[in-house]
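Student: Have a look at this fold, sequence not included:
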């Protein structure tokens, strides 16, 4: 009996002694992402367009089964992401209207997970480059979509995707970084005749 009392006193003293330190749970951490220095080069090919893209990205042909000529991906291997670019010629006003509606419907398919979808007009009349930029907020598969056109002959649609589960809090620094590259691409975009 004396042994049990001693053991009980020992455990109580240990319990009191272990509670003397302040404890605060550590916040969840994420890996540090080293972002490369911004630098650009011009993409030119046999396609009807050219633009500036980052030197740390790669231009790859689209490997999808339904890919058409002049469909390319701007790959970001270090971020596990791609900007899919699909080009199409415009043959009539009906085709143009269908392409514009397709771009809008593709962007608004993300409404289920999006917290907001903002549209911004793109207009560079001196280069005959017009379009709409869709910024999609929330845990969506694509955070940026856009299309560019000259309204008569050419149409290009772009969409940014990361090959990761969409969690905006963890991809936000990379997303902001790539959005600046997309802005440079759009501002430098030219139709080649």
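Tutor: Received, thanks. This is a predicted model, so every value here is computed, not measured.
Student: what's near enough to touch the residue most central in space within the chain?
Tutor: In the chain, the residue lying closest to the centroid (CA atoms, centre = their mean) is residue 160, at 4.2 Å. Shown in contact with residue 160 (CB atoms under 8 Å, 6 or more residues apart in numbering): 81-83, 142-145, 175, 178, 182. For glycine as for every other residue, the C-beta is placed from the backbone atoms N, C-alpha and C.
Student: so where's this protein shaky on pLDDT?
Tutor: For the chain, the stretches flagged by pLDDT under 70 are 15-24, 26-31.
Student: 80 instead, please
Tutor: Counting by pLDDT under 80, the ranges of the chain that qualify are 1-3, 6-7, 10-33, 165-170, 193.
Student: which residues of it fall in helices?
Tutor: Assigned by DSSP state H, the helices in the chain fall at 2-18, 93-108, 168-188.
Student: Compare those helices and give me the one nearest residue 45.
Tutor: Nearest to residue 45 among the helices of the chain is helix 168-188; the distance by CB to CB comes to 14.5 Å.
Student: which secondary structure elements does the closest one contact?
Tutor: On a contact count with 3 or more CB pairs under 8 Å, 6 or more residues apart in numbering; DSSP states H and E, helix 168-188 meets strand 40-43, strand 49-54, strand 81-89, strand 129-138, strand 142-149, strand 154-162.
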